[in-house]
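1. Sequence isn't available, so here's the structure alone:
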């Protein structure tokens, strides 16, 4: 159920990419380079069984070179419907005065480890931090922060969701409800939701959120995973406070799911 091993892989991949860049400086042939994408894979459960998914999902047709100015408002990207109606989402610089459940930490860039955004984590949770990655595990709630660069928040959300869909993070025989991507008019904030109902009855609700940091080339990408089979009343309080700071009512999707009315938005 956890992605923690994948995060370790990110660090190794980042170091390898850095070494490749150094070696390339001595080569006469110039190869295009890309920043290593943060990987997200299922690590603590057995591999998903082979077979067709119970719910088809969007193909991974998105690349970082997809021009954002081809249409405005955007109606589709990377196989997902995109709705340009988002306002109020904020992932950085929250005022946590008086909170005993949440605290600040600094998200850094991958290669240089430069602090570029103050983000919010759950204070009592198990936390691991590397350059460009923060993993915050509060059992029923997991927060994954990733540093991205040179893309819009909309692009970051689409990349992250497609990566999980293509990498096997979701079980192949699960039923998936895939929401539309909501984004601001300037694509500087975005989010989407995927609800996974497993064959054993367990449910994961996965949020993909991103925000461009003003006056920089940096992007904060946040994946939030809710495990409903591990849920208790204390988690309701934590999620409500997170929702207040982020600007999206994350609890709505739990209510809609249990009511059988999740409409994929």
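-> Noted; the coordinates are in hand. All figures in this text were calculated on a predicted structure; none of them were measured in a lab.
2. Check the nearest residue to residue 113 once chain neighbours are set aside and give its pLDDT.
-> In space, not counting the residues next to it along the chain, residue 113 is nearest to residue 131; the distance is 4.2 Å by C-beta to C-beta, 6 or more residues apart in numbering. To be clear about C-beta, it is placed using only N, CA and C from the backbone, and glycine gets the same treatment. With respect to pLDDT, residue 131 scores 97.
3. do the same with residue 255
-> At residue 255, pLDDT is 83.
4. in the stretch 1-150 of the chain, which segments are predicted with low confidence?
-> Within the stretch 1-150 of the chain, the segments meeting pLDDT under 70 span 1-74.
5. just the helices in it please.
-> All helices of the stretch 1-150 of the chain, identified by DSSP state H, counting those that start in this stretch, fall at 4-24.
6. The closest residue to residue 137 other than its chain neighbours and residue 77, how far apart?
-> Leaving out its chain neighbours, the residue that sits closest to residue 137 by C-beta to C-beta, 6+ apart is residue 126, at 4.5 Å. Distance, residue 126 to residue 77, by C-beta to C-beta, to the nearest Å: 34 Å.
7. Same question for residue 168.
-> 22 Å.
8. which one of those two has more residues nearby?
-> With neighbours defined as other C-beta atoms under 10 Å, residue 168 and residue 77 compare such that residue 77 has more, 25 against 13.
9. Identify the spatial nearest neighbour of the more buried one, chain neighbours not counted.
-> residue 158 (5.3 Å).
10. Let's verify that neighbour: helix, strand, or coil?
-> helix (DSSP: H, G, I helix; E, B strand; the rest coil).
11. ok, residue 115 touching residue 105?
-> No. Checked against C-beta atoms under 8 Å, the pair residue 115 and residue 105 is beyond contact range at 9.7 Å.
12. between the two, which one's more packed in?
-> Between residue 115 and residue 105, counted using other C-beta under 10 Å, residue 105 has the larger neighbour count: 17 against 10.
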